[in-house]
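>>> prediction below, plus the sequence it came from.
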Amino acid sequence: QVQLVESGGGLVQAGGSLRLSCAASGSILSINAMGWYRQTPGKQRELVATISSGGNTNYADSVKGRFTISRDNAKNTVYLQMNSLKPEDTAVYYCNADVTYYSGSYYIANNYWGQGTQVTVSS
């Protein structure tokens, strides 16, 4: 099986920075797209940023120019550097990844979510 474990959330003042990390573990053969999503109470989970295995990135308009997604393929880890944080960035942030892993005598491709990490930006 595969697990995604996030870290780096917390409380920060408006204008501050945080860096989120998400490490995938298990009998991983390869990871295709990785990304970050966020959710606030009563709202649907929304895309923040994604990155392909080749490094192509995509951002929500609301975070362009402030957030940077990156990945370390050797460590099966994706990062989200968040600068110039605003109170409206407050949410639970979730890591997501498309993973192919080895199970028994064959390989399985599946999509996984992390457990979420809280980011709170105070005004």
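Perfect, thanks for sending it. Residues are numbered from 1 along each chain as shown.
>>> where in the protein is pLDDT low?
In the prediction, the chain carries no residues with pLDDT under 70.
>>> now do the strands in it.
2-7, 10-13, 18-26, 28-39, 46-51, 57-59, 67-72, 77-82, 91-103, 106-113, 117-122 (DSSP state E).
>>> buried stuff in the second one?
Neighbour-count burial for strand 10-13, counted by 16 or more other Cβ atoms under 10 Å, picks out residue 12. Quick note: C-beta positions are derived from backbone N, CA and C, even for glycine.
>>> who touches that strand?
With contact meaning Cβ atoms under 8 Å, 6 or more residues apart in numbering, strand 10-13 is reached by 18, 85, 118-122.
>>> only alpha carbons, please: show it as PDB.
C-alpha atoms of strand 10-13 as PDB (Å, rounded to 0.1, in the frame of the first residue of the first chain):
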ATOM      1  CA  GLY A  10       0.500  25.900  11.300                       C
ATOM      2  CA  LEU A  11      -0.500  29.400  12.400                       C
ATOM      3  CA  VAL A  12       1.100  32.400  10.600                       C
ATOM      4  CA  GLN A  13       0.400  36.100  10.400                       C
END
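>>> show me how far that strand is from its chain's centre.
How far strand 10-13 lies from its chain's middle: 18 Å, per Cα atoms, centre = their mean, to the nearest Å.
>>> strands paired with it, and their directions?
Counting by DSSP bridges, the strands paired with strand 10-13 are strand 117-122 (parallel).
>>> the strand it pairs with to strand 91-103, inter-axis angle?
Interaxial angle of strand 117-122 relative to strand 91-103 (axes from the mean of the first three to the mean of the last three Cα atoms, to 10 degrees): 160 degrees.
>>> what residues does strand 117-122 touch?
6-14, 16, 18, 20, 38, 82, 85-93.
>>> now do the phi/psi pair for the residue lying farthest from the centre of the chain.
Relative to the centre of the chain, and counting by Cα atoms, centre = their mean, the farthest-placed residue is residue 105 at 29.9 Å. Note on residue 105: its backbone torsions stand at phi -110, psi 10 [degrees, to the nearest 10].
>>> how much space between it and residue 43?
To residue 43, residue 105 is 43 Å away according to Cβ to Cβ, to the nearest Å.
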